[in-house]
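Peer 1: need coordinates for the following:
(one chain, ligands or ions: 1)
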Amino acid sequence: MWGCVAVSGSSFDAASDAVLGPETLESYRNATALAIEALQSGYFASNTPFSGRTPDEIHEDIAETEPFPSAGQSLAAVLERVSSLVCADSVGVYHPQSMAHLHCPPTVPALAAELIVSAMNQSMDSWDQSPAATAVESTLIEGLTAVCGLGAGSDGVFTSGSTEANVLGLLLARNWAIADRFDHDAQTAGLPTAAQSLRILCSGEAHFTARQAAGQLGLGDDAVVEIPTDDDHQLSITALESTLDRLTEDSLEPFALIGTAGTTDFGRIDPLDRLGAIADEHNLWFHVDGAYGGPLVFSDRHRDRLSGIERADSIAMDFHKLCQQPLSCGVFLVADGEQYASIDRSAAYLNPDDTGAESSHHLVSKSLQTSRRFDALKPYVTFQTLGTDTMGAGIDSLLALAADTASLIESNESLTLAAQPSLSTVVFRYDHPSNEDDATDRIREQLRDDGTAMLARTVVDGRPHLKFTFVNPRTTIDDVIEVLEAVVAAGQASTESTQPTPSR
Ligand SMILES: Cc1ncc(COP(=O)(O)O)c(C=O)c1O
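Peer 2: Sure, this is the predicted structure:
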């Protein structure tokens, strides 16, 4: 009586034809096959990690297409263009010589989960928008708090990454401190004048999002006191203790201590156990930024290096770095779930307090986001498929590759290692005979533009350095050797090009 909606293969005549439902499942299957073809011909066809084209060239090509055309065309035609315009000029994170950032190739199980996540489009804010998804996320959070050694009553939520998790940790810390120190409710009454004295302590090599969070929380960037690191780039306990004394003498109010479990450049893990003890002694909220190194909890070989993480009041950790989950996929954990009360919110349409069995299952008040993706399914499917044995061994092999790379660099007289690796990054320099700093940038650009490798750049002691970041389990030591040879060759070429022309 109602007729049947026609399912078109790759053209959609009406908006309703384009929406996923049982009648359009076949169309979705075809669309998925077209998308995989676009990846195959545009993204995976090249044997280099990047096309080497300039930002202007790429922008001009893409800007040629009208972004909001009045009439559409077939999906096949659109994806063909996406393949040549977008996929072909994207960074091949799958490529073993893509070694620049904490930017991983995703696992196939996670991508299968991603299909389900986006097709079902559950929203994690209220239980009635994500009944089973809420249970999956809560179960993973419970499992991870246990793996990290947080006690009963701990809680948490999936995040877009550690930027968000660091803000959330410091938000709870700020509200707790303002109530504790000044008997004031920051959520309803805002910041008291005395909040100007609040200070957050972290190492001078902590991630920039510590300052960013302090700014966003109304404390100001200057509320962050950076503690010098020791010769091995770890937060110095002696410097921390003297800073705490100085702050007290100056009538300032330290309230949070951040321990970094894996700094972005050197992968250093601060002495978490000592930091946890000092935080207890001084009544500080202890937040662990485990964005990078947190997943070591899954490694039998390296888990002990996170000893002390169980003392944390809150933890940030990313699955989208060392665990090869597609962006975004991070978590925030809090040791005392009651601390969430300081940011609790109730919206009549979303999470009213009086809806019986549902009421304790809404996740909206645990997150900085309202509508939120079901990202938890990605690590759920990945870990169910591979197990922590395989995931842990994958992490171990990335760390071993970094150690082997450091030995190769040390054995080459043209290269200088900045520091022994700790996780999977390796920072080094090409020693240009004229001591030129520009050589580092020229080498990096040349390798990127000729498609040899994607390397990162960072600054150590005021001088630019090159950086490998290994997050791709497909990268081998042979890839590293090839890239190091290219670095040395590019460095030598740059030496020749900067030699003064001999006078005739
Ligand atoms: C130590 C550290 N903390 C926080 C972040 C921010 O994490 P995300 O990019 O997941 O927001 C990073 C990113 O590299 C990081 O290395």
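
Peer 1: ok, whichever residue of the stretch 1-150 of the chain sits closest to the ligand to Asn283 distance?
Peer 2: Proximity of the stretch 1-150 of the chain to the ligand (C-beta to the nearest ligand atom) peaks at Leu102, 4.7 Å away. Every C-beta, even on glycine, is put in place using the N, C-alpha and C of the backbone. Distance, Leu102 to Asn283, using C-beta to C-beta, to the nearest Å: 33 Å.

Peer 1: picking up where we left off before, now do the SS call for the residue of the stretch 1-150 of the chain closest to the ligand.
Peer 2: Here Leu102 is recorded as coil under DSSP: H, G, I helix; E, B strand; the rest coil.

Peer 1: what residues does the stretch 1-150 of the chain have near the ligand?
Peer 2: Leu102 (C-beta under 6 Å from any ligand atom).

Peer 1: and the strands in the chain?
Peer 2: Along the chain, the segments classed as strands by DSSP state E run 155-159, 198-203, 224-227, 253-260, 285-290, 314-318, 330-334, 415-417, 425-430, 456-460, 463-469.

Peer 1: residues contacting the nearest residue to Met120 once chain neighbours are set aside?
Peer 2: Closest residue to Met120 in three dimensions, ignoring its sequence neighbours and counting by C-beta to C-beta, 6 or more residues apart in numbering: Phe374, at 7.2 Å. The contact partners of Phe374, by C-beta atoms under 8 Å, 6 or more residues apart in numbering, come to Val117, Met120, Gln122, Ser123, Met124, Ser130, Ala133, Val136, Glu137.

Peer 1: so which of those comes closest to Met317?
Peer 2: Glu137 (14.4 Å; C-beta to C-beta).

Peer 1: so the closest one makes contact with Ala376?
Peer 2: Yes: Glu137 lies in contact with Ala376 (C-beta atoms under 8 Å); the separation is 4.0 Å.

Peer 1: residues shared between the contacts of these two?
Peer 2: In contact with both Glu137 and Ala376: Phe158, using C-beta under 8 Å, 6+ apart.

Peer 1: how about a markdown table for the contacts of Phe374, with pLDDT and neighbour count added?
Peer 2: Shown next, in a markdown table, are the contacts of Phe374 (pLDDT from 0 to 100; neighbours: other C-beta atoms under 10 Å):
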| residue | pLDDT | neighbour count |
| --- | --- | --- |
| Val117 | 98 | 20 |
| Met120 | 98 | 13 |
| Gln122 | 98 | 21 |
| Ser123 | 97 | 17 |
| Met124 | 97 | 26 |
| Ser130 | 96 | 24 |
| Ala133 | 98 | 24 |
| Val136 | 98 | 19 |
| Glu137 | 98 | 25 |
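
Peer 1: closest approach to the ligand from this protein, which residue is it?
Peer 2: Gly161 (2.4 Å).

Peer 1: surely that residue touches Gly294?
Peer 2: No: assessed by C-beta under 8 Å, Gly161 is found out of contact with Gly294, at 11.9 Å.

Peer 1: so between those two, which is more surrounded?
Peer 2: Legend: neighbour count by other C-beta atoms under 10 Å for Gly161 and Gly294, higher for Gly294 (31 against 20).

Peer 1: okay, and the beta partners of the nearest residue to the more buried one once chain neighbours are set aside?
Peer 2: In space, and not counting its chain neighbours, Gly294 is closest to Met317: 3.3 Å by C-beta to C-beta, 6+ apart. Judged by DSSP bridges, the bridge partners of Met317 are Gly290, Val331.
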